[in-house]
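Trainee: Here's my sequence, what's the structure:
(chains A, B, C and D, ligands or ions: 4)
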Amino acid sequence: MNEMAVPLPDDIDGAHALELFRQMLRIRRFEEKCAQMYSSGKIRGFLHLYIGEEAVGTGVMQSVAPRDAVVATYREHGHALLRGISMNAVMAEMYGKQEGCSRGRGGSMHLFDKATGFIGGNAIVGGGMPVAVGYALAAKMQQNGAVAWCIFGEGAMAEGEFHESMNLAALWQLPVVFCCENNYYAMGTALDRSESQIQLVEKARSYRVVAEEVDGMDVLATEAAARRAADSARAGNGPYFLEFQTYRFRAHSMFDAERYRSKNEVHEHELQGPLRTFGARLEASSLLDEQRRAELEADIAREIENAVAFAESGTPEPVSELGRFVYSEVQP
Amino acid sequence: MNEMAVPLPDDIDGAHALELFRQMLRIRRFEEKCAQMYSSGKIRGFLHLYIGEEAVGTGVMQSVAPRDAVVATYREHGHALLRGISMNAVMAEMYGKQEGCSRGRGGSMHLFDKATGFIGGNAIVGGGMPVAVGYALAAKMQQNGAVAWCIFGEGAMAEGEFHESMNLAALWQLPVVFCCENNYYAMGTALDRSESQIQLVEKARSYRVVAEEVDGMDVLATEAAARRAADSARAGNGPYFLEFQTYRFRAHSMFDAERYRSKNEVHEHELQGPLRTFGARLEASSLLDEQRRAELEADIAREIENAVAFAESGTPEPVSELGRFVYSEVQP
Amino acid sequence: MSTTIPAGMREMTYREAAREGLHEALTRDERVFLMGEDVGRYGGSYAVSLGFLEEFGPERIRDTPLSESAFVGAGIGAAIGGMRPIVEVMTVNFSLLAADQIINTAATYLHMSGGQINVPLVIRMATGGGLQLAAQHSHSLENLYAHVPGLKVLTPATVEDVRGMLATALADPDPVLIFEHILLYNRKGLLAADAGAVDIHRARIRRAGTQVSLITYGGSLWKCLEAAELLEQQGIDAEVLDLRTLRPLDDEAIMATVTRTRRVVIVDEGWRSGGISAEITARIHEQAFYELDVPVQRVCAAEVPIPYAKQLEDAALPQVADIVAAAGRLVKGND
Amino acid sequence: MSTTIPAGMREMTYREAAREGLHEALTRDERVFLMGEDVGRYGGSYAVSLGFLEEFGPERIRDTPLSESAFVGAGIGAAIGGMRPIVEVMTVNFSLLAADQIINTAATYLHMSGGQINVPLVIRMATGGGLQLAAQHSHSLENLYAHVPGLKVLTPATVEDVRGMLATALADPDPVLIFEHILLYNRKGLLAADAGAVDIHRARIRRAGTQVSLITYGGSLWKCLEAAELLEQQGIDAEVLDLRTLRPLDDEAIMATVTRTRRVVIVDEGWRSGGISAEITARIHEQAFYELDVPVQRVCAAEVPIPYAKQLEDAALPQVADIVAAAGRLVKGND
Ligand SMILES: Cc1ncc(C[n+]2csc(CCOP(=O)(O)OP(=O)(O)O)c2C)c(N)n1
Ligand SMILES: Cc1ncc(C[n+]2csc(CCOP(=O)(O)OP(=O)(O)O)c2C)c(N)n1
Ligand SMILES: [Mg+2]
Ligand SMILES: [Mg+2]
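Mentor: Residues are numbered from 1 along each chain as shown, chains lettered A, B, ... in the order given. Ligands and ions are numbered 1, 2, ... in the order given. Have a look, this model is predicted:
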């Protein structure tokens, strides 16, 4: 397929396109490393990889403004990195070190960063949705122009919290962008076994929310859609729903035997992978070649190596600190 | 308006039409008595009257078969009576007597009757929906032809349990008839302040559930719609959603000052009340006259008087029995 | 309560005091808003916010759809986003629909984020029985939340507390749950003209005594005070300790009263097994084992879903006579 | 555990035993079916029902969408409708989304209906920590449910119990919750060839002893047995009581062990304040006050949302060393 790659549109900013590629590559390589570190026991707990879905987060994050908030799930390494949490801090978190972005208390599923408005890392499916709605409510009441980006999988759409949150956001015309990462499976449950209506945009529209289907494997498409959504939300037009059609190349978590889908199905999708296809297009547009690739890979490898070293040499929080952060340290 | 009442269609069964009127009148008068008994302190707790909405329950119950289940809310006196729970048992329940249909433990909000498949009387808004879905699942698995009738107010449609239940029923094609009694208010919250999409049938259709809007003030319309729904559900076509547009003439409960709507608005609707309009049509069709009315009223008054006497002379459950029915008495 | 009102005091109902507290909070801090089912047009299901919609407008007195999980969760998000939301849940029974947001999210974010994301959210709920509202409206489930680290659980019993605890809760950087017993709203009490925020970490002795301690909170406080009067007529001098806050518990105050009287009755409208009364008993057992003359007694709700019928509901809930009997048994040791 | 398997016994993991119990139930009674997230195609999140879909078909091994409230509630309705559903909730943490259905509906219908509508529903949930799953996947919330009249709460710790309690729960006319600790699934144990339904009303002594009682349940049982061995090396003879069922508690067995040893350590992975350990302490205090030489000690989870980092999680959860230390303190009285 790559051989048939379509060059990028003429009006594209080549440097930006390459940067999108680099960002996707960066989170891909980072997670490959995580998988390795998981196998060697350095990372524990649950680890959910975003591999295959990078075009979604990468496209979306381009429109996230400094004062916006991102509310994500347990499959959020990519988003965290894209949002600007340092790789050191993310890796250290997975190592459970004090230098981690959640001080080692959260782990893979609970990356947080107040500075960049990254408010979780929520591992209750659907649990982040009301939070995002509330953040948007605060933004609207304070008229501060912030948007809440609510990221979730298609599986979450069956939860009551989806329904309640969509209604509230629409009723109150709040600046939330609902980003559904439809990878067609919730653990082992295929979309058509979890939803009576699999046209997810129709579900969203039933709340009178503007909804778009987006090719989640195409980073230019995801970027453009997110921009439309952000513009609309910031203009005061209320919530926006984006269904990104994508695919998860790896197991749900590291405990998954993947009995619910064939190797072949996975392979088919891999051929349409965001790095592969976008890389080929960049090449077709002469924006990328082997040498540039190698440079990018080398830079990323270095960053990852440093992150691992940083995490390795991080400090385990002393057990005496266990009781901290149950309540705020400054009390009235 | 009554002066302009349209006669009933020619093909109507006159006796049946009169019977529908009688059933509505019976539950109306019963509840008027309840209100009185509440004022005099004989009935306590919360009391939610169905006055104004009688055409809905009356029409629906004509299609409820013996093995079906009815899952209702706290506004369920009418449904309970229509379903065949004796007036004595319902009144005694509100008096909190042992002879009550829930032995005095449930009160107005929790009428139950196993014999007629009346499984509550659930006072958690939305709480009955999953139960109805489960009952329908059991019916489908046992292939016993039963239908679960799930009755709720439009306010319940904002709850997550609505969403989850609709999806499950549709996904599994279960024989549930969802009967939304849209009286346009949830306590003091008007429909357009609780739903971003006030076309409730659109909400239902978003689960790929067949949905109809029905004039809930016209007992012939409600009866016909319920029959269509029942036929469809029994034929194995999955769930069916009926929105009955109706109006509550009385306060939400006995504690409501009704600050959220005008007397005038209420009055306008009263003029379209189901008894008033259907009574006029029966008269226009010469099926009802003053004498027949008087006879009906007298019969009903007698039944109510007897029910009150029955309840008055009922037995308060001895306090020594308090601990019963927390667990079943026969244990394995 | 005397009929002449002392100088500098005002008499008002608990409802009015709750209302004043809310009013002051809304007036003083623009970030504060009230959100919940029927808080606006209806005036609040217990009429606490009657008229607020007109005064503060629909942005700040925000009627919500029936969706407990979303509007409680939206409170969390709004709190993180810089507002100071007060979320009202009609009764603690309905709060079970929002239990995920409260326990899995509000209570965990600060810790999971390593101290970054605090959630300054206040949730008010009605609780308790006594109005024959039966098994889905009458339970006292506050102890479910008192079990959860990360939450604070307040149970104001007096006009001063219901007014003042709200201010303190709003100043708190972390999630605070306030439980108002439904039978208190119409109860009158005296409030100092200059009443304001109150401490929420200390239990308070509402009646000093020497022979037996009645430890309680919320709606049961008044039953305990009544019981204490009756006990006095029997020559028994009871102390009444109002816990005020169920999490964190004021161990010091509890042990102090235990040490003084050496006999304890805990009165709690929650079910006995696994209720807050169990925790208090356990702490007394652990911390004041050698101070006790006799084992602690618990007067709690019977272990049944609260029934509708008056005599059954009465029998299910702790009553003054039960308290008097329990305290009497302890002091007189008749068994 | 010895490496030679006694005659008439089989060695198997807890997972296999749970699986056998399910298999037998599905085979024996057509009304039984299993419903929950990923019980089918995925094989169960803890692989308990692996292969069942193929064997029993999608009607009886029913994958559900992510909608805990609806599928737990559907279990209630199906139970009322004549089936015998087994609903699986992946972990007790997620069950908070279904708390309304469990507490407001399943637990109340029998009572509210005056004895007419019983709910023969079985809900299985994983519980507990120890796999570094952090603050939304590691809590032991079973005591929230143990507080609620109308529910029964089972906590099988052994292969025999996880297999046999399911059968008993299915025969029970009322809602039964079964909690399986995540760390147990891979643990091996011996099962009698003719193992079947087991009693669920009696606690069981898993190790007889005379000097101190370790009262526990679920995952902590094995820590207590290990602690008992270590204590033996210190010359301390510990008895280990496995509660097995948290509601109703077996008071008789608890008081019997207390009376025998006069010293008690309660070990519970739930948070200390308001946990089941509090209720047990309170009952011992009330019913065996004069039998104790020293106050009961509780070894519970620290009052924090369980953190991810290994050393912090270890410190947050009860460990063998903590149990040994607590028991040692009681017996040697060194403080
Ligand atoms: C409320 C809740 N139920 C169940 C789970 C277990 N669980 C974790 S991820 C997952 C699947 C979610 O699928 P989806 O929303 O599509 O996101 P994806 O993992 O595909 O990105 C499940 C069932 C959970 N974490 N929370
Ligand atoms: C979960 C829950 N939240 C809130 C309430 C309080 N409440 C009782 S009835 C009601 C309004 C319900 O309106 P609707 O569903 O339209 O039914 P209606 O009363 O109009 O028949 C509310 C808010 C409740 N009983 N349950
Ligand atoms: Mg998915
Ligand atoms: Mg309504």
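Trainee: Just the element for the closest residue to ligand 4 within the stretch 101-250 of chain A, please.
Mentor: Minimum separation of the stretch 101-250 of chain A from ligand 4 (Cβ to the ion) falls at residue A:167, amounting to 15.8 Å. Just so you know, the C-beta spots here come from the backbone N, C-alpha and C atoms, and that holds for glycine as well. Element membership for residue A:167 (DSSP states H and E) is helix A:160-171.
Trainee: What pLDDT is listed against the residue of the stretch 101-250 of chain A closest to ligand 4?
Mentor: Looking at residue A:167, its pLDDT reads 98.
Trainee: neighbours of it, just the number please.
Mentor: By other Cβ atoms under 10 Å in any protein chain shown, 29 other residues sit near residue A:167.
Trainee: For residue B:157, see how far away it is.
Mentor: 9 Å (Cβ to Cβ, to the nearest Å).
Trainee: so what sits against both of the two?
Mentor: Taking Cβ atoms under 8 Å, 6 or more residues apart in numbering or on different chains as the contact rule, residue A:167 and residue B:157 both touch residue B:195.
Trainee: ok, residue C:111 - contacts?
Mentor: Contacts for residue C:111 were tallied using Cβ under 8 Å, 6+ apart; they are A:105, A:325, A:326, C:150, D:135, D:304, D:305, D:307.
Trainee: of all the residues you listed, which comes closest to ligand 2?
Mentor: Here the nearest of the contacts of residue C:111 to ligand 2, counting by Cβ to the nearest ligand atom, is residue C:150; it sits at 24.1 Å.
Trainee: In space, what's closest to the closest one - neighbours in sequence excluded?
Mentor: Nearest in space to residue C:150, with sequence neighbours left out and distances taken as Cβ to Cβ, 6 or more residues apart in numbering or on different chains, is residue C:107 at 3.2 Å.
Trainee: Provide a list of residues in contact with that neighbour.
Mentor: Neighbours of residue C:107 in contact, by Cβ under 8 Å, 6+ apart: C:148, C:149, C:150, C:151, C:175, D:305.
Trainee: Strands of chain A, start to end?
Mentor: Along chain A, the segments classed as strands by DSSP state E run A:69-72, A:112-113, A:118-121, A:148-153, A:176-182, A:185-186, A:189-190, A:210-215, A:240-245.
Trainee: Please tell me how far the residue sitting furthest away from the middle of chain A sits from residue A:195.
Mentor: Farthest-out residue of chain A from its mean C-alpha position, per Cα atoms, centre = their mean: residue A:332, at 36.5 Å. Separation of residue A:332 from residue A:195 (Cβ to Cβ) stands at 46 Å.
Trainee: my guess is residue C:259 contacts residue C:289, does it?
Mentor: No - at 11.6 Å, residue C:259 and residue C:289 do not qualify as touching, with contact defined as Cβ atoms under 8 Å.
Trainee: Could you find the closest non-adjacent residue to the residue of the stretch 51-200 of chain A found nearest ligand 3?
Mentor: Residue nearest to ligand 3 within the stretch 51-200 of chain A (Cβ to the ion): residue A:153, separated by 3.5 Å. Closest residue to residue A:153 apart from its sequence neighbours, by Cβ to Cβ, 6+ apart: residue A:181 at 5.4 Å.
Trainee: tell me the mean pLDDT over stretch A:73-85?
Mentor: In this model, stretch A:73-85 carries a mean pLDDT of 98.
Trainee: Say whether ligand 3 is contacted by it.
Mentor: No - judged by Cβ under 5 Å from the ion, stretch A:73-85 stays clear of ligand 3, getting no closer than 8.5 Å.
Trainee: Quick one: name the residues of chain A near ligand 3.
Mentor: Within chain A, the residues that sit near ligand 3 (Cβ under 5 Å from the ion) are A:153, A:154, A:155, A:183, A:186.
Trainee: who's in contact with residue 203?
Mentor: Looking at chain A here, since you left the chain open. Neighbouring residues of residue A:203 by Cβ under 8 Å, 6+ apart: A:157, A:195, A:197, B:206.
Trainee: Please refer instead to chain C.
Mentor: By Cβ under 8 Å, 6+ apart, residue C:203 lies in contact with C:241, C:242, C:243, C:244, C:245, C:249, C:250, C:253, C:254.
Trainee: what's the pLDDT at it?
Mentor: Residue C:203 carries a pLDDT value of 98.
Trainee: Also residue A:1?
Mentor: On the pLDDT scale, residue A:1 gets 41.
Trainee: What is the neighbour count of the residue of the stretch 51-200 of chain C found nearest ligand 4?
Mentor: The nearest approach of the stretch 51-200 of chain C to ligand 4 comes at residue C:66, 9.7 Å away (Cβ to the ion). Neighbour count for residue C:66, taken as other Cβ under 10 Å: 28.
Trainee: isn't it right up against residue B:126?
Mentor: Yes - judged on Cβ under 8 Å, residue C:66 makes contact with residue B:126 at a distance of 7.0 Å.
Trainee: Overlap in contacts, the two.
Mentor: Counting by Cβ under 8 Å, 6+ apart, the shared contacts of residue C:66 and residue B:126 are B:156, B:159.
Trainee: Spatially nearest residue to residue 50 (excluding sequence neighbours)?
Mentor: The chain I'm using is chain A. residue A:78 (4.2 Å).
Trainee: if you could check chain C rather than the one you did, that'd help
Mentor: residue C:43 (3.6 Å).
Trainee: Got the phi and psi for the one you found?
Mentor: Here is the backbone geometry of residue C:43 (degrees, to the nearest 10): phi 100, psi 10.
Trainee: now it: how far from ligand 2?
Mentor: Distance of residue C:43 to ligand 2, given as Cβ to the nearest ligand atom, to the nearest Å: 13 Å.
Trainee: Residue 129 - how many residues pack around it?
Mentor: No chain in the question, so chain A it is. Neighbourhood size, residue A:129 [other Cβ under 10 Å]: 36.
Trainee: nope, chain C please
Mentor: Using other Cβ under 10 Å, residue C:129 is surrounded by 24 other residues.
Trainee: what secondary structure does it sit in?
Mentor: Here residue C:129 is coil, with the state taken from DSSP: H, G, I helix; E, B strand; the rest coil.
Trainee: In space, what's closest to it - neighbours in sequence excluded?
Mentor: The nearest residue in space to residue C:129 (Cβ to Cβ, 6+ apart) is residue C:138, at 3.4 Å.
Trainee: in terms of contact, does the one you found touch residue C:301 like I think?
Mentor: No - between residue C:138 and residue C:301 there is no contact under Cβ under 8 Å: 9.1 Å.
Trainee: Get me the contact residues on the stretch 201-332 of chain A for chain D.
Mentor: Selection of the stretch 201-332 of chain A residues close to chain D by Cβ under 8 Å from any Cβ of the partner chain yields A:255, A:256, A:257, A:259, A:260, A:316, A:317, A:319, A:321, A:322, A:323, A:326.
Trainee: now residue C:82, nearest residue through space, not along the chain?
Mentor: If you skip the residues right next to it in sequence, residue C:82 has residue A:138 as its closest partner in space, 5.3 Å away by Cβ to Cβ, 6+ apart.
Trainee: Now do the same contact list for that neighbour.
Mentor: So residue A:138 contacts A:146, C:77, C:78, C:79, C:80, C:81, C:82, C:83 (Cβ under 8 Å, 6+ apart).
Trainee: show me what contacts the fourth one?
Mentor: Residues touching residue C:79, when contacts are defined by Cβ under 8 Å, 6+ apart, comprise A:134, A:138, C:85, C:119, C:120, C:121, C:175.
Trainee: what about it, distance to residue C:63?
Mentor: 19 Å.
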